[in-house]
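S.K.: Give me a 3D structure for the following:
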Amino acid sequence: APVELSNLQSLSSFCSNNNMFFNGIISKAVNIVDYISSIAPFYFLSFLSVAGKYRFAPTLPINSSNQIDTTALTPVATFNETNILQNTFTKIYFNVEDRRNFIANCIYTECIPTEISRRKTISVKFTNTDLDSPTEQYDLSECCSDVNHAILYAKYELSKRKHSTHNIAFSTSLVTTTLIPTDLIKIEIKRENSVGDNRTEINYYQITSITYNSDGISNIQAIHFPLDSNDKSEISTEITSGTFTVLQ
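M.R.: Model prediction:
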């Protein structure tokens, strides 16, 4: 009863299509909500509590074939000066150091039926990234035993760092729709200056948090999720067709 089941089959197919299976041991008592929340991102999922129910939602767009969607996307909602409360919109760009090229090291568990399992590391970089670039480590060993799963996750982290440049936050009147974290939204902000060179800035974001005040105000936080001129996700396109080098 407390879990939304309607999308579980499609998400299961998505994980199967990408060889993303859970292979791990829960050897001691854990808080199940915290545990699932920590594991879900490695499967491109977010574990949410929405309208009194827990549910999984994909952090990447998924098409009807339960694959990463690289076609044109339509945002769930659009926000502009008419529905963003005055003086509540903020934009924070990521630090330059946090956006520099890096090599993603993913730890996974190699499982061979006739041998004792062992932890291994696979390294992935954009092909044009220097070998002496900084490295960042992602430990999937608690649940991942497929090297292709680890490689795919490394591509995601590299692509997100390359294309996503900032976070935003704003307040709006009470959201009564089915808007949830992971949904794609469109922001249209009119920029005005003293010389009359006014323009409308359009960007796309993925919601990371929605909170509600007792006075009927909704507070939304979101991360930059850029679309190209054809409304296709730049992150998804990079993951599926970008040029990467895998280092053993």
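S.K.: Do a quick rundown of the strands in the chain.
M.R.: For the chain, applying DSSP state E gives strands covering 45-50, 53-58, 77-79, 90-93, 103-110, 118-126, 135-139, 166-173, 184-191, 199-212, 217-224, 244-247.
S.K.: Now tabulate these in CSV and tack on distance to Ser145.
M.R.: (Glycine included, C-beta is placed from N, CA and C.) Output for the strands of the chain, formatted as CSV (distance: least, CB to CB, whole Å):
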stretch, distance to Ser145
strand 45-50, 18
strand 53-58, 21
strand 77-79, 39
strand 90-93, 37
strand 103-110, 5
strand 118-126, 10
strand 135-139, 13
strand 166-173, 33
strand 184-191, 32
strand 199-212, 29
strand 217-224, 29
strand 244-247, 17
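S.K.: now, of those strands, which is deepest in the fold?
M.R.: strand 103-110 (a mean of 20; mean count of other CB atoms under 10 Å).
S.K.: Figure out which of the strands of the chain is closest to Leu8.
M.R.: Proximity to Leu8 (CB to CB) singles out strand 53-58 among the strands of the chain, at 7.1 Å.
S.K.: Which secondary structure elements does the closest one sit against?
M.R.: Applying 3 or more CB pairs under 8 Å, 6 or more residues apart in numbering; DSSP states H and E, we find strand 53-58 packed against helix 8-17, strand 45-50.
S.K.: now these in a markdown table, with mean pLDDT?
M.R.: Putting those into a markdown table (pLDDT from 0 to 100) gives the following:
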| stretch | mean pLDDT |
| --- | --- |
| helix 8-17 | 97 |
| strand 45-50 | 95 |
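S.K.: Report how many residues lie close to the nearest residue to Ser65 once chain neighbours are set aside.
M.R.: Spatial nearest neighbour of Ser65, excluding adjacent residues (CB to CB, 6 or more residues apart in numbering): Asn17 at 7.8 Å. By the measure other CB atoms under 10 Å, the count of residues near Asn17 is 13.
S.K.: cool, and the one 10 residues further on?
M.R.: Counted with other CB under 10 Å, the burial measure for Ser27 works out to 6 neighbours.
S.K.: How much space separates it from Glu142?
M.R.: According to CB to CB, to the nearest Å, Ser27 stands 11 Å off from Glu142.
S.K.: Now do the contacts for Asn83.
M.R.: Neighbouring residues of Asn83 by CB atoms under 8 Å, 6 or more residues apart in numbering: Thr172, Ser173.
S.K.: do the same with Thr74
M.R.: By CB under 8 Å, 6+ apart, the residues touching Thr74 are Leu184, Asp231.
S.K.: confidence score at it?
M.R.: For Thr74, the model assigns a pLDDT of 97.
S.K.: how about it, phi and psi?
M.R.: phi -120, psi 120 (degrees, to the nearest 10).
S.K.: The residue nearest to Ser65 reaches Ile62, doesn't it?
M.R.: No. Using CB atoms under 8 Å, Asn17 is not in contact with Ile62, being 9.5 Å away.
S.K.: ok, Gln221 touching Gln206?
M.R.: No. Using CB under 8 Å, Gln221 is not in contact with Gln206; the gap is 10.3 Å.
S.K.: among the helices and strands packed on strand 53-58, which is nearest Pro226?
M.R.: Across the helices and strands packed on strand 53-58, closest to Pro226 is strand 45-50 (CB to CB), at 19.1 Å.
S.K.: Give the residue farthest from the middle of this protein.
M.R.: For the chain, the residue at maximal distance from the C-alpha centroid (CA atoms, centre = their mean) is Val195, at 38.6 Å.
S.K.: residues touching that one, list them.
M.R.: Contacts for Val195 (CB under 8 Å, 6+ apart) come out as none.
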